[in-house]
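S.K.: just need the structure, nothing else, for what follows:
(one chain, ligands or ions: 2)
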Amino acid sequence: MSHEIQILPSLLAADFTRLGEEIAKVEAGGASILHFDVMDGRFVPSISMGLPVLEAVRRITTCQIDVHLMIVEPERYVEAFRAAGADSISVHQEASPHLHRTLSLIQSSGAKAGVVLNPATPVHTLDDVLGLADFVLVMSVNPGYGGQKFIPGALHKVRQLDQIRRQRNLSYVIEIDGGVDQTNVAEISEAGCDWFVAGTSVFRSESPATTVRELHALADSGRQLLA
Ligand code: DX5
Ligand code: ZN
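M.R.: Numbering: from 1, shown residues only. Ligands and ions are numbered 1, 2, ... in the order given. The predicted structure follows:
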């Protein structure tokens, strides 16, 4: 079962001196979920933003907020990110040895629970949690920075996840993150993806609102080719 297509602007690429205005632009383009990247300088080399910024964003938008935890020991922060306003929270497979417990913890906090795969991590490592996860996030760049180039191998993973979803009659959302733009969004959609994170292509464009609409239309066209 596939889900409604969503373009998720990634705030990492927004102008932080004008976060409110940046969010208003993508809302005007029809975005209803924002992607919020949390980096700790340990799981990934960089440090991005955390709880106080999430709380501020929560106050100025009615969008859902999708929190992507690129941190070690993510289970320690689930409750805090939920309390600060996260509607969905994803943790990396590579950072979560007790993935089953962590996904359950996210769900019991009231948020949707996602699991993320780095480009080097195969889909089959998730066999035993796919029945539990609300969504699976496929990284199409190595996490840590915005503005990187899409790694085509991610398409195969999206296809695999869509196939498994049909075969096992599961209903997780498939999300992609990294290097998504007008040149590849239709093809990713055709592979079976539902949610598309887009940072640089949206916020560094002349009109983020128009870009969100364009990406959505292109993803729709790809979806129509999905058998
Ligand atoms: C990368 C982050 C992404 C990033 C995507 O580690 O997880 O969400 O913001 O940015 P773009 O769309 O610029 O690749
Ligand atoms: Zn992300």
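S.K.: anything in the helix ranked longest in the chain near ligand 1?
M.R.: When the chain is parsed with DSSP state H, its longest helix is helix 208-225. No. Shown here: helix 208-225 not in contact with ligand 1 (C-beta under 6 Å from any ligand atom), separated by at least 10.6 Å. In short, each C-beta sits where N, CA and C put it, glycine included.
S.K.: what are the contacting residues of that helix?
M.R.: Outside helix 208-225, the residues within contact range by C-beta atoms under 8 Å, 6 or more residues apart in numbering are 2, 5, 7, 9, 22, 25-26, 28-31, 180-182, 185-190, 193, 196, 198, 201-202, 205.
S.K.: what's the average pLDDT for it?
M.R.: Averaging pLDDT along helix 208-225 gives 97.
S.K.: partners of the nearest residue to Asp134 once chain neighbours are set aside in the sheet?
M.R.: Among residues not flanking Asp134 along the chain, Lys112 sits closest, at 4.0 Å (C-beta to C-beta, 6 or more residues apart in numbering). Beta bridges link Lys112 to Ser88 when assigned by DSSP bridges.
S.K.: residues touching Lys112, list them.
M.R.: 87-89, 106, 134-135.
S.K.: adding pLDDT, distance to Asp220 and neighbour count, write the residues you listed out as TSV.
M.R.: Output for the contacts of Lys112, formatted as TSV (pLDDT from 0 to 100; distance: C-beta to C-beta, whole Å; neighbours: other C-beta atoms under 10 Å):
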residue	pLDDT	distance to Asp220	neighbour count
Asp87	98	23	16
Ser88	99	22	25
Ile89	99	27	28
Ile106	98	30	29
Asp134	98	23	18
Phe135	98	20	20
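S.K.: how about the residues of the chain by ligand 1?
M.R.: 10, 12-13, 35, 37, 68, 141, 143-148, 177-180, 197-201.
S.K.: so of those, which ones are in strands?
M.R.: Among these, the residues falling in strands (DSSP state E) are 35, 37, 68, 177, 197-198.
S.K.: out of those, which one sits closest to Val53?
M.R.: Among these, Asp37 lies closest to Val53 (C-beta to C-beta), at 10.6 Å.
S.K.: for ligand 2, see how far away the residue nearest to Asp134 is.
M.R.: Separation of Lys112 from ligand 2 (C-beta to the ion, to the nearest Å) stands at 15 Å.
S.K.: from Phe36, how far out is that residue?
M.R.: According to C-beta to C-beta, to the nearest Å, Lys112 stands 14 Å off from Phe36.
S.K.: now swap in Ser104 and tell me
M.R.: Per C-beta to C-beta, Ser104 is found 22 Å from Phe36.
S.K.: picking that back up, could you dump the ones in strands among the residues of the chain next to ligand 1 to TSV with neighbour count and pLDDT?
M.R.: Below are those laid out as TSV (neighbours: other C-beta atoms under 10 Å; pLDDT from 0 to 100):
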residue	neighbour count	pLDDT
His35	27	99
Asp37	24	98
His68	28	99
Asp177	25	98
Val197	27	99
Ala198	29	98
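S.K.: filter the residues you listed by proximity to ligand 2?
M.R.: 37, 68, 177 (C-beta under 5 Å from the ion).
S.K.: for the closest residue to the first one other than its chain neighbours, what are its contacts?
M.R.: Using C-beta to C-beta, 6+ apart and skipping residues adjacent in sequence, the residue nearest Asp37 is Leu12, 4.6 Å away. Under the criterion of C-beta under 8 Å, 6+ apart, the contact partners of Leu12 comprise 35, 37, 48-49, 146, 199.
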